[in-house]
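Peer 1: Next comes the sequence, and after it the predicted model I'd like to discuss.
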Amino acid sequence: MAVDYTTQTTGGIGDAVLRKEDRKFVTGEGRYVDDLKLPAMLHAVFVRSPFGHARITAIDTSAALALPGVHAVLTHATLPVETGVLSASNPGGDVRHPEQAILAKEFARYAGEPVAMVIADDRYIARDGADLVHVDYDPLPVVVDAEKALEPGAPLVHAEYDSNLVKTLEHVTDGFDDAMAKAARVIKLRVDNQRVTPMPMETRGCIGDWSDSTGEVTLYTSTQVAHFVRTFVSIVCGTSEAKVRVVTPDVGGGFGAKLNTYREEFAVCAASHAVGRPIKWIEDRTENAVATIHGRAQVQYYEAGVDDNGRIVALKFDAVQNNGAYNMLLTPSISHLTLFMVPGLYDIQDISIRIRQTFTNTTPTDAYRGAGRPEATHGIERLMDAIADDLGIDAAEVRRRNFIQPEQFPYSSATGLIYDSGEYEANLDKALELSDYAGFPARRAESEQNGKHRGIGLSTYVEVCGLAPSAVTAALGIGAPGWEHSTVRLHPTGKATVITGTSPHGQGHATSWSQITQTELGIPFDDVEVIHGDTAFQPYGLGTYGSRSLAVGGIALYRSLGKVREKARELAAHLLECSIDDLEWTGTAWQVKGSPDRAKTIQELAYAGWTSASLPEGIEPVLEATTFHDPPNFTFPNGTHVCEVEIDPETGRIEILNYTAVDDCGNVINPLIVDGQVHGGIIQGLGQALFEETVYGEDGQMLTPTLVEYLVPSAADVPPMTLSRTVTPSPSNPLGVKGIGEAGTIGASAAIVNAAVDALSGLGIRHLEMPMQPGRVWKAMQEATS
Amino acid sequence: MIPSTLEYTKARSIDEALAAVAAGARPLAGGMSLLPMMRLRLASPGAVVDLGGVPELVGVCEDGDELAVGAMTTHRAIANDPLIARHCHVVAQAAAGVGSMTIRNRGTIGGSLAHADPHGDLPAAILAAGGAVIVRGPGGERRVDVGDLITSYLTTTIADDELITQVRLPKDAAQSAYAKFHRRAIDWSIIGVGVSIGADGVRAAATGVGERPMRLTGFESVLDGGGSLEAAIARAAEGLSPTADLDGSTEYKQHLVGVLAARAYAEASSR
């Protein structure tokens, strides 16, 4: 939305307030893991497998140990851990979870798998030492392609299983076969949602500090989920969870890459235990490409049964998900989120879904911004255009005919979700108007005169956010809940500390949470401090991912603020010698109804609660409250993205001319932050559509290990964007909020690809795979015209 | 960056720099190519000598019918230099399109030629202009045409104890242009083509087409023989077999050579 980018530095709910945390970031005073230096700290570098699949027959560490400055070289045999990496995901209860040793045990199953760990005085010596560790590898057959991994006779990634199948997710409605049989026509489409890398600005890094005298373990790590990490460190390293403290300093982006627990986090703790000094490890960029999870990597086969009007009467979805060599924290659940969202925002009640997850000799995949939902949205939005094309119906019209209608909410989807609210057609109409969809034919004609192909593309989406009701996560086989924590603490001086279980790494929670506090409790924005990301200060928190922070953590805060306000009311009634029913809340004070002279401000009440000179019967001192909020339902943000492109017929180069996004994330706390999330999300979707792909050779070598080969968009690649919103408040929470962190990414890729395909539709082109690099587009044009 | 252990010295004169390279040090110019290679440990020099403190290696001046460009002159300085813009547009234009502003502020013309990246823009642009380099070593100075300088991937005819001190650009390359094709707004060239129309005829050269920048002899001969631009484009990629990679097939890259040669020629003609 066109926010007036003023310099407002304070405000409540709905205000476009500049982010209070940004001053330190823009002045270089952010403090990341690599900025931390502990006394006597040593540095680790990992030796990683250069092979996609190999048996490790011997490891000779003698030359490395002989290098001055090297303190230790640890391998699977010498690293003191109790178990391997843990996963929290087991949908259906029968997922194959092979052991993932912290350092490779006998086999390396992807290029980049850690095999040994060199500990030295500094990172340079550690790296030199790593080059001196001699590992004997016996290379084994490799499979990197998920579909090939399922073929009979494919090399087995884990020899203990009879195939590479991890798990088959299936969901078929009773009426599917009949409905499909009655379809007037069936439209088929194969979509390859390619493997990409989250690529946060800050790579991963951690410091393990195990005190021999107290048994306390402190892990500083760049993560989205500090408490998860603490729980798992205690199990993997074999110590009491109460002895483990995980500290999250400033985190420079995550995008799901840091919604995990990694071998290196366990390894630095165990190594610190073994060596007796703090151990720091900082991932370098090329290491990040191979050692941090990837996303997407899903091949989809759609069959849509449609009637003569373009209404989908039955939908079949058969996909193969490349899980990589091991299951990480949530790997088997990511394509489960795809399953949920296969029908998108269309009223399709007869559905058949099969998703086969496979092991391959590649880096594991897991949550990447959108996590399973962008795959579903991209596929069905390509399919809607294929249907429109097949029937000769306008792309907007075919969507209208299939939308879930406003009166159908709450809507029970064929995949078992209850969509909360939405007005999809109103949202579409707004986007069409803002993008001047009606004027497109004239613009296309103008481009043609200039020798360019012009196209316009739509993407209408709904996503499932606000992860998650704990009963649902349990039913889905996720071994972790979905609630969130908050504590609100008022100090004697009337200032507030907000402790949140969310874990911002760019989202601006310090600002948004202060705005909510100002509005709900009357404590001025600048008087609120937000604490997060340190397990020593917080009760358990689940962290930040899945567009959940506001819809779950924000509601936890809202409820704590309400509890404090109500406690303050009892105190005020006591001090003003009236009944609580005689009081009204002014926004900053409790006052006797109609008597502004008989009032107590929240600051006065904070002081009175602290001094405790006179408390009402049964009321404890201090204004403080804690909430563990478990959401009753997910939230369902939705929207319409419209993209317009021009393609150079000589080179195949796609230029995005303009981009319009109308999102419905429910009520908005800070429009500036929402716009920023949408901008960033669209840019990441643009990256996948045009530039990004993590590519493996058949031999298991990654062909895109540096930013020379893996192309991330820069600001110079970003087109003009028009952002707007529609608002249908979520009925599932008292703030009416839905979440916006992933929406841009979910909506963008299909809008861009649909625009490009539309531009080339005159040549008979009906589909393009991502990334749409010019060479690929040119080849499609050559084939279409030859 | 975590390079292997190395010795670093900063030269204050060309003689100091020559002494260092004679002793085995790798010359470090802007560092825009050598440092990434050291980061990846594709290069692990035991010693580097920084040329950034040698004032006589920087600057542009007229010298007869040529421009003398110090080897340590940055891409940014070249892109903004009025003499180069007037007399040798193709090189100024190529320099303006190298990487990002940050890279152009550090990367140098001599470093680009000495590094000889097969996707470098400056070598192709200077080849199209008909430029040369002055190389100095223990035996004194010698002049090498850019066409004879680069022999293969990252390989030149400069000996380990020599340095490029100067680039010589002809002043008759005013009617010239450089066209590059790349994926992102700021990116390496997949293919780049420089064209210069001089008194002696058309010179065209491409980068990204093989192990070193190549003259487009088919394209040149058609135009020099009075043939049409269409006919010249058809022969632009003659003899070239660019490697297929993630950016596209050999056939696509051959096609791009023709497209870019035509664009550069059209722009050069209009100047």
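Peer 2: It's in. Residues are numbered from 1 along each chain as shown, chains lettered A, B, ... in the order given.

Peer 1: Would you mind naming the residues that bridge with A:Asn638?
Peer 2: With DSSP bridges applied, the residues forming beta bridges to A:Asn638 are A:Val462, A:Asp664.

Peer 1: Need the phi and psi values for residue 170.
Peer 2: Reading this off chain A. Summarising the backbone geometry of A:Glu170 under the convention degrees, to the nearest 10, its torsions are phi -140, psi 140.

Peer 1: just to confirm, which helix or strand has B:Ala174 in it?
Peer 2: With elements taken from DSSP states H and E, nothing contains B:Ala174; it lies in neither a helix nor a strand.

Peer 1: State the distance from it to chain A.
Peer 2: Between B:Ala174 and chain A the distance, using C-beta to the nearest C-beta, to the nearest Å, works out to 27 Å. In short, each C-beta sits where N, CA and C put it, glycine included.

Peer 1: can you pull the contacts of that residue?
Peer 2: For B:Ala174, the residues meeting the contact criterion (C-beta atoms under 8 Å, 6 or more residues apart in numbering or on different chains) are B:86-89, B:271.

Peer 1: so of these, which ones are in helices?
Peer 2: Of the positions in those, B:86-87, B:89 sit in helices, assigned by DSSP state H.

Peer 1: Select only the buried ones of those in ChimeraX?
Peer 2: One line in ChimeraX is enough to select the buried members of the ones in helices among the contacts of B:Ala174, burial here meaning 16 or more other C-beta atoms under 10 Å in any protein chain shown:
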select /B:87,89
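
Peer 1: that older thread, could you dump the contacts of B:Ala174 into TSV with pLDDT and distance to chain A added?
Peer 2: Supplementary listing: the contacts of B:Ala174 in TSV, determined by pLDDT from 0 to 100; distance: C-beta to the nearest C-beta, whole Å:
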residue	pLDDT	distance to chain A
B:Arg86	97	28
B:His87	97	30
B:Cys88	97	26
B:His89	98	23
B:Arg271	91	22
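
Peer 1: what's the closest of those to A:Glu484?
Peer 2: Using C-beta to C-beta, B:His89 is the member of these that lies nearest A:Glu484, at 61.2 Å.

Peer 1: Leaving out sequence neighbours, find the closest residue to that closest one.
Peer 2: Distances taken as C-beta to C-beta, 6 or more residues apart in numbering or on different chains place B:Ser176 nearest to B:His89, at 5.0 Å, with adjacent residues excluded.

Peer 1: wait, what's in contact with the one you found?
Peer 2: Here B:Ser176 is in contact with B:88-90, B:128-129, B:194-197, B:268, B:271 (C-beta under 8 Å, 6+ apart).

Peer 1: Mind putting the residues you listed into TSV with distance to A:His43?
Peer 2: As requested, these are exported to TSV (distance: C-beta to C-beta, whole Å):
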residue	distance to A:His43
B:Cys88	49
B:His89	50
B:Val90	48
B:Ala128	48
B:Ala129	49
B:Gly194	46
B:Val195	52
B:Ser196	52
B:Ile197	58
B:Ala268	54
B:Arg271	56
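
Peer 1: Mean confidence (pLDDT) on stretch B:171-185, please.
Peer 2: Here stretch B:171-185 scores 96 as its mean pLDDT.

Peer 1: which parts of that stretch are buried?
Peer 2: When burial is assessed from 16+ other C-beta under 10 Å, stretch B:171-185 yields the following buried residues: B:171-183.
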